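> Based on what follows, work out the 3D shape:
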Amino acid sequence: MRISKRLYSYYLILPALLLYAVFYVLPAVIGLFYSFTDWRLDTEELSFNGLYNFERIFTDEVLLLAIKNTVIFAVVTVIGKNLLAILLAVALNMNLKTRNWLRAIFYSPSIISVLVVSLLFTPMLRSEGLINRILDTMGLGFLQQAWLTDPSIIMLTISALSIWQHTGFQMAIYLAGLQSIPRDYYEAARIDGAGGWKGFIHITLPLLLPAININVMLTLIGGLKVFSEVFVLTAGGPGNSSQVIGTIILRAFGEGNWGLGTAVNTLLFVTVTLIAIPLLLYMRRREVQE
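Have a look, this model is predicted:
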């Protein structure tokens, strides 16, 4: 009887596991197989080419630039989203009369599609667009930039847009974490003479670690998988200056170079896994220690 009850719980998740295996695990395994082949549109028979596709990734200048841009985007957005989100969460966790309205305002961009936001901001970020006009009207014309055509700042522009859109979502997670911290801890700290900054460092941050772990993992994985913003705003341009791993995969498949495309996709999967899992384990250990 105990065995049947134990198996009953597995029966409940069996349909979801089967769907996951068929639509996620199986395609990943097949993709791994094809990444070691010369699978192309113009080839009639597949043949193994070993690590050629992966060697090409690390010798092709455009592919290396795409990897560099992906890393830049991931690092900038992880830092930017989490720092701003914590600041907003702390500010909007205070007894402000308009805090509910402000929470809704800051959170609202995150519920809009990335494609829609990118399409809206494309004309605004042009050299003659709204952003530069506002800067000129405010007497800040020296800050005007070619936001979408200057290779030196293009990835920072795309990163800033992503930070603006998604910080509200991270803010909501931090708010939930802040509201779960008992107020008694802060009162005891004040009695002991600890000010607001010491309370934040020694109480808020340690007890906020679970929320920090979640947000860092979400922003890191999302940053490494960036695609939509780049595809809509620049399509990898100007030239190849804003190519990322996601757009390289699309281009490879579009050109019929399917073996290379699956190799890049496999590399992205392995990279995300190798970074995310050790980081998660490390942060979990820190969370337990605190």
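
> mind listing what R284 touches?
N213 (C-beta atoms under 8 Å, 6 or more residues apart in numbering). Yep, even glycine has a C-beta here, placed from its N, CA and C like the rest.

> Now do the buried residues in whichever strand or helix holds it.
Here R284, judged by DSSP states H and E, is contained in helix 258-289. Neighbour-count burial for helix 258-289, counted by 16 or more other C-beta atoms under 10 Å, picks out 258-268, 271-272, 283.

> Put together CSV for these, with pLDDT and distance to V117 on each row.
Formatted as CSV, these follow (pLDDT from 0 to 100; distance: C-beta to C-beta, whole Å):
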residue, pLDDT, distance to V117
W258, 90, 31
G259, 91, 34
L260, 91, 30
G261, 91, 27
T262, 92, 30
A263, 92, 31
V264, 92, 26
N265, 90, 25
T266, 89, 30
L267, 88, 28
L268, 88, 23
T271, 86, 26
V272, 86, 23
M283, 77, 29
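
> Quick check: L148 touching T234?
Yes - here L148 reaches T234: they are 5.9 Å apart, a contact under C-beta atoms under 8 Å.

> would Q145 count as being in a helix?
No - Q145 is assigned coil when assessed by DSSP: H, G, I helix; E, B strand; the rest coil, not a helix.

> Model confidence at the closest residue to it other than its chain neighbours, what's the number?
Closest residue in space to Q145, ignoring its immediate chain neighbours: I153 at 6.1 Å, by C-beta to C-beta, 6 or more residues apart in numbering. Confidence at I153, expressed as pLDDT, is 93.

> who touches both of L148 and T234?
I154.

> check contacts around the residue nearest to F106 when sequence neighbours are not counted.
Among residues not flanking F106 along the chain, G168 sits closest, at 4.4 Å (C-beta to C-beta, 6+ apart). With contacts defined as C-beta under 8 Å, 6+ apart, the neighbours of G168 are 85, 88, 106-110.

> Wait, a helix at G168?
Yes - under three-state DSSP, G168 sits within a helix.

> I figured N49 was touching T37, is that so?
Yes - the criterion here is C-beta under 8 Å, and N49 meets it with T37 at 6.4 Å.

> Look at the two and report which has more neighbours.
T37 (19 against 16; other C-beta atoms under 10 Å).

> What's the first helix or strand after the helix or strand E55 falls within?
Assigned by DSSP H and E, E55 belongs to helix 52-57. With elements assigned by DSSP H and E, the helix or strand that comes after helix 52-57 is helix 61-91.
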